[in-house]
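1. prediction below, plus the sequence it came from.
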Amino acid sequence: MRILLVEDDPLIVEGLSELLSAEGYEVSAADDQDGAIAAALPPDGGTAPDLALLDVTLCRGNGFAVCSAVKAARPDLPVIFLTASDDEVNTVTGLSLGADDYVAKPFRPRELVARIAAVLRRSRAATGPARIAWGSLEIDPERAAVSKAGREIPLSALEYRLLMLFATNPGKLITRERIRQALWDAAGAYVEENTLSVYVKRLRAKIEDDPAHPALIATVRGLGYRAGE
């Protein structure tokens, strides 16, 4: 998922970019009104963001104008205002322009990540999840169904959660700690090192053409796994 960060404080941009990148998001940044609108509404063939994080006060222009222009062209683009101003007038103004949420600085990093995830979930639910093609697999998020060569593959809830973590991060390194944290929520208990290896082995046996030489979930020794593209 791609996030456009509209902020004119370079320290905040650096910190948030590191935080969001560690969560698996692709982050691009703009520091003024015109640059933000151009980044949110790229010409044909350009890569558009999946969510915009907007500061109200910018070095040139303001976040309200960005939100108004972007929502006029892309009403489905989720927008979260991120600002030091938490008064009622600014909150009402942002939400009336179509913003999906409003987070005041200073904020707790984990809370911001959770709010972003919640807004993206609501957005996907409203538009309907698209099917995902990953290698020879086809994933239907709406049904939580996975098929290969037209044959549905039965997966447990944990296996499906693990598969989605890899399928939505093609080409990226997924650390073992990140996987454990993702599975912890579903399992209700912390996933031990050996247990994680078992989950990965079981999933490979179901989705890989050759589990002994995996292409979709490749081991990166000492770090974790790399998702195939």
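-> Here it is on my side, so go on.
2. which residues sit against the helix or strand where residue 204 lies?
-> Per DSSP states H and E: residue 204 is located in helix 193-207. Contact partners of helix 193-207, identified using Cβ atoms under 8 Å, 6 or more residues apart in numbering, comprise 135, 137, 146, 148, 153-155, 158-159, 162-163, 176, 179-180, 183, 191, 211, 214, 216-217, 225. The C-beta positions use only the backbone N, C-alpha and C, and glycine is treated the same way.
3. mind redoing it with 10 Å?
-> 134-137, 146, 148, 153-156, 158-163, 166-167, 176-177, 179-180, 183, 187, 189, 191-192, 210-212, 214-219, 224-225, 228 (Cβ atoms under 10 Å, 6 or more residues apart in numbering).
4. stretch 134-154 now?
-> By Cβ under 10 Å, 6+ apart, stretch 134-154 touches 124-125, 128-133, 155, 157, 159-161, 163-164, 166-168, 170, 203, 206-209, 215-217, 227-229.
5. tell me what the lengthiest helix in the chain is packed against?
-> As assigned by DSSP state H, the longest helix anywhere in the chain is helix 109-127. In this structure, helix 109-127 packs against helix 10-22, strand 51-54, strand 79-83, strand 101-104, with contacts taken as 3 or more Cβ pairs under 10 Å, 6 or more residues apart in numbering; DSSP states H and E.
6. how far is the helix or strand that it is followed by from where the chain is centred?
-> Sequence-wise, the next helix or strand downstream of helix 109-127 (DSSP H and E) is strand 132-134. Relative to its parent chain, strand 132-134 has a centroid offset of 16 Å by Cα atoms, centre = their mean, to the nearest Å.
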